[in-house]
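1. heads up, no residue letters with this:
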């Protein structure tokens, strides 16, 4: 199985930076493609970024050039957020995508509990 825990959220002024972390608790032999989503007040949850085991990354257009996704030994995923804007205010969630391992490693589509990011103008 797999458990995810996000951290690093907070309140910053526009133009500031935050680094979100997603700690992945699982068996040593389990690996995952990971993604970040966010849900702003009164909005639907939306895709932000994804990283594959091979390091391939994708971003939604609104964060390209400002956010960078990375991973550390496939047990932590990070989202470096620079030049933050008020419209980036949201609860940020990490999520497992593809699951890799010789035995059961939990389900694709597992979510963490989220971390709040608030950007003031």
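-> Received it, and whenever you're ready, just let me know what you need. What you are looking at is a predicted structure, and each value in this text was computed from that prediction instead of being measured. Numbering: from 1, shown residues only.

2. centroid-nearest residue for this structure?
-> Centroid-nearest residue in the chain, with C-alpha atoms, centre = their mean: residue 36, separated by 3.0 Å.

3. now that residue. Nearest residue, chain neighbours left out?
-> Counting by C-beta to C-beta, 6 or more residues apart in numbering, residue 48 is the residue found nearest to residue 36 once chain neighbours are left out, at 4.3 Å. Where C-beta positions appear, they are placed from N, C-alpha and C, glycine not excepted.

4. SS state for the one you found?
-> Secondary structure for residue 48, judged by DSSP: H, G, I helix; E, B strand; the rest coil, is strand.

5. could you give the number of residues near it?
-> By the criterion of other C-beta atoms under 10 Å, residue 48 has 24 neighbours.

6. surely it meets residue 57?
-> No: with contact defined as C-beta atoms under 8 Å, residue 48 does not reach residue 57; the gap is 11.2 Å.

7. show me what the longest strand along the chain is packed against.
-> For the chain, the strand with the greatest residue count under DSSP state E is strand 90-100. The contact analysis (3 or more C-beta pairs under 8 Å, 6 or more residues apart in numbering; DSSP states H and E) places strand 90-100 against strand 3-7, strand 18-25, strand 31-39, strand 115-120.
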